[in-house]
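**Q** Predicted model follows, preceded by the sequence.
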Amino acid sequence: MSIIEKFINVAKSEVGNGGRKYRQWFYGYNAADVAWCAVFVSWCLAQAGITGIKTDGAGCFAREYQSRGKWLESEFSDSSTTPKAGDIVTFVWNYAGRYYQNDKYYSDHVGIVYAVDSNCQAIQKARKTIWKLKKVIKTTSF
């Protein structure tokens with residue numbers, strides 16, 4: 001099994017769990033009022049044996065892996081960068097692709113792609129949801 005398959009399997013095996021387990025792992029306590037999407041992705045990476053980033057900030061994945069040359073950035077669902085299973089994607093909710101008062105990697109949400117359908121909807125497990133991608137920042141490899 002490849003490391004990407006292991007990463008995907010770890011994420012998929014956690015569907016239905018709330019954020020308590022991952023916040024406990026990250027903070028050492030539940031931190032119930034804190035968003036947990038980035039903590040979940042960090043936990044999945046660690047469980048799959050992928051080291052180098054442990055964060056509670058969605059945009060931190062883009063900042064860190066961009067500095068290593070491991071990220072592709074796509075504005076508004078550019079078809080040349082269709083996500084694939086194992087990619088980490090970040091989302092910005094304002095439909096402008098970024099918040100201009102923040103750095104370009106600031107993100108509202110992060111998730112793990114485990115499949116992509118024919119309409120290029122990335123299906124990710126961080127919150128058991130399906131999102132139409134407006135902006136994709138994704139890993140090309142770990």
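**A** Sure thing, it's come through. Numbering: from 1, shown residues only.

**Q** buried residues in the top strand by length along the chain?
**A** Longest strand of the chain, by residue count under DSSP state E: strand 109-116. The neighbour-count check on strand 109-116 (16 or more other C-beta atoms under 10 Å) flags 109-114, 116 as buried. Just so you know, the C-beta spots here come from the backbone N, C-alpha and C atoms, and that holds for glycine as well.

**Q** what do you get for stretch 2-15?
**A** Buried residues in stretch 2-15, counting neighbours by 16+ other C-beta under 10 Å, are found at 4, 6-8, 10-11, 14.

**Q** residues touching Phe7, list them.
**A** Contacts for Phe7 (C-beta atoms under 8 Å, 6 or more residues apart in numbering) come out as 44-45, 48, 50, 86, 112, 142.

**Q** Tell me the strands beside the longest strand of the chain, with direction?
**A** strand 88-91 (antiparallel), strand 122-124 (antiparallel) (DSSP bridges).

**Q** and those, which one is worst for confidence?
**A** Lowest mean pLDDT within the strands paired with strand 109-116: strand 122-124, a mean of 50.
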